[in-house]
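Trainee: here is my input; please provide its structure:
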Amino acid sequence: MQPISRLGSVLVLALSLPLAAGTPAISQAGPQASAGAYLAARSAMAENDFPAAVDWFTQALAADPANPDLLESAIAAELAMGALDKAGALAAAMEKAGHQSQITNLAHLASLGAAGDYAAILQAQDAGRKIFPMLDLLIQAWAEVGVGKMSEAAVTFDKIIADPGSAPLGMYHKALALAQTGDFEGAEALFSDPKAAGVSGLRRGIVARVQVLSQLERGPEAVALIDERFGAVLDAGMADLRRRAAAGEPIPFDLIHDAREGLAEAFFTWATLTTQENDLLSPLLSARIAAGLRPDHVEAQLMAARLLDQMGQHDLAITAFQAVPEGDPAYVSAVLGQANAALLAGRAGQAVELLTTLSQREPKDRTVLASLGDALRADGKCDAAITAYGAAIATIVTPGPGDWPLYYRRGGCAQVVGDWAAAEKDLSFGLTLAPDEPRLLNELGYAWVDRGENLDRALEMLRRAVAGAPDQGYILDSLAWAYYRLGQYDQAVAPQEAASQLMPVDPVVTDHLGDIYWAVGRVREAEYQWHRALSFKPEEKDAARIRLKLEKGLDAVLADEKRNGG
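Mentor: Down below sits the predicted model:
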């Protein structure tokens, strides 16, 4: 069996091959419209635009319904959308056309699992429908559970356990299979085996074992397990589980009820493993299958949603997050995910609406309140954001090093609304919590430079900020601007040029580079940078000043500003 670290590579390759072909594989070149649809579908898949890909593949297949490359790619698109039934139908069409592949087998076996046809799964595997060795064995074992062949399933699980690289996961699944039959002693023997230690890193593994220990009336051991793994910081679900175990309350084993849920767990396990790869599509498809087999598999829904967010499909991510019901312990996390996806999609107002409602439901949740502040700030409502950040800060009993971001964000908003005294207070206090944090050093240092205050101290702070984050262009820009404001023009050139290389289309950084070039006598280069800054669409007040510099020169603009008290 291949190492777990490489489990996703073969499936990833199988999924990518049809899309990487040099020319569209339309049968006999196909009609021109079909070729166009195929190219559009390929482009959509390359951009992770799965809804568009499904539409284009549907058009291409209408003209060439037996084309294996079209079918295979369409299956991937449908699975990415979570449409197991449609992917299964396409897999059947591909088989009818005499073709088979890993992605086809994936969809076919998932479709059979959704139908609860475990005998057909075993027959399909016997006929050569394979995906990848460990996943094949997990599917086989759970199908054997489904047809009532527990002894055969045990043997299949043992084949996974025999490989040191996959032993922990084999023991986890075998323990689940035993527990769902009521064999809690057998399940705990597997969970407590040192070879299963890797499962302790899985939240679901801890939940399963806590439930098993509770059924064995070993509540104190369950509490100790939770404390050892998670310490004092528990999410809502785990905190409730610990409370029930500590109270001696019987906790039913409900992680897995039957073979279908076992298959869902197998695909979720595969998704978890393949997230170690560089590709996001393979774990997404597996997470989608897990959620399709078991819609209440919250972890699978959340994984799919987060992967979709990473792939830039924020609307699909929001829909996946919405699958988490309000009564679930992960509901707050899911709404936070929805709000973050809305922000990434550029819809700050939607995020504010979601988080405002959530904050009314969870008025003491610091993360919710801080996220509301972030959304309000993104929506241009810094006054309201300050209130939200203040509510979050009010939940802190004793501020510690990890609390500096709240003061940093509130201080930034205070600057925006013109309350410098409040901003300086928050930023300074943040530095008492995290004295070497580059963002705090930069924010306060740059503000002082911009205001012409505490310039020597600001310069020292900005040097420390650059030392702590040498690859952050905006911090290099701050340091260069401090040198400029202190009249140390030659020293300003290098950090400003470095900032410009890191942030080549930022209007402020480019404008600053022009000013510094002017100060060291590089007039033509200064004018060129100001022209570039204008092309990057700065704020109108900055654009007006840049145009004046191009018309009159920086010296004249500065003289005018001095005369006018600017």
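Trainee: OK, contacts around the closest residue to Asp506 other than its chain neighbours?
Mentor: Residue nearest to Asp506 in three dimensions, not counting chain neighbours: Phe536, with 6.8 Å by C-beta to C-beta, 6 or more residues apart in numbering. Heads up, the C-betas are built off the backbone N, CA and C, glycines and all. The contact partners of Phe536, by C-beta atoms under 8 Å, 6 or more residues apart in numbering, come to Val505, Asp506, Pro507, Thr510.
Trainee: ok, Arg366 touching Ala394?
Mentor: No. Taking contacts as C-beta atoms under 8 Å, Arg366 lies outside contact range of Ala394: 9.2 Å.
Trainee: list the buried residues for stretch 229-239?
Mentor: Across stretch 229-239, burial judged by 16 or more other C-beta atoms under 10 Å covers Arg229, Leu234, Gly237, Met238.
Trainee: how about stretch 473-488?
Mentor: Under 16+ other C-beta under 10 Å, the buried positions of stretch 473-488 are 473-485.
Trainee: please identify which of the residues you listed is nearest to Ala74.
Mentor: Gly473 (42.6 Å; C-beta to C-beta).
Trainee: isn't that closest one right up against Asp506?
Mentor: Yes. Counting by C-beta under 8 Å, Gly473 does reach Asp506; the two are 7.2 Å apart.
Trainee: where does the protein dip in pLDDT?
Mentor: For the chain, the stretches with pLDDT under 70 are 1-33, 200-201, 277, 566.
Trainee: quick revisit: phi and psi next, for the residue nearest to Asp506.
Mentor: Phi and psi for Phe536, reported as degrees, to the nearest 10, are phi -90, psi 10.
Trainee: any idea how far Trp530 is from it?
Mentor: Distance from Phe536 to Trp530, counting by C-beta to C-beta, to the nearest Å: 11 Å.
Trainee: what's the overlap in contacts for the two?
Mentor: Each of Thr510 lies in contact with both Phe536 and Trp530 under the rule C-beta under 8 Å, 6+ apart.
Trainee: picking up where we left off before, buried ones among the contacts of Phe536?
Mentor: Listed as buried from those are Asp506, Pro507, Thr510; burial here means 16+ other C-beta under 10 Å.
Trainee: what comes up buried for stretch 396-412?
Mentor: Quick answer for stretch 396-412 (16+ other C-beta under 10 Å): Asp403, Trp404, Pro405, Leu406, Tyr407, Tyr408, Arg409, Arg410, Gly411, Gly412.
Trainee: meant to ask about stretch 319-331, not that
Mentor: For stretch 319-331, burial by neighbour count (16+ other C-beta under 10 Å) applies to Thr319, Ala320, Phe321, Ala323, Val324, Asp328, Ala330, Tyr331.
Trainee: now stretch 410-421
Mentor: Within stretch 410-421, the residues scored as buried using 16+ other C-beta under 10 Å are Arg410, Gly411, Gly412, Cys413, Ala414, Gln415, Asp419.
Trainee: what sits against the closest residue in space to the fifth one that isn't next to it in sequence?
Mentor: Closest residue to Ala414 apart from its sequence neighbours, by C-beta to C-beta, 6+ apart: Ala423 at 3.7 Å. Residues near Ala423 by C-beta under 8 Å, 6+ apart: Gly411, Gly412, Ala414, Gln415, Ala447.
Trainee: now the fourth one: how far from Leu444?
Mentor: Applying C-beta to C-beta, one obtains 10 Å for the distance of Gln415 from Leu444.
Trainee: again, but for the first one
Mentor: If you measure Gly411 against Leu444 using C-beta to C-beta, the figure is 8 Å.
Trainee: this completes my enquiry, with thanks.
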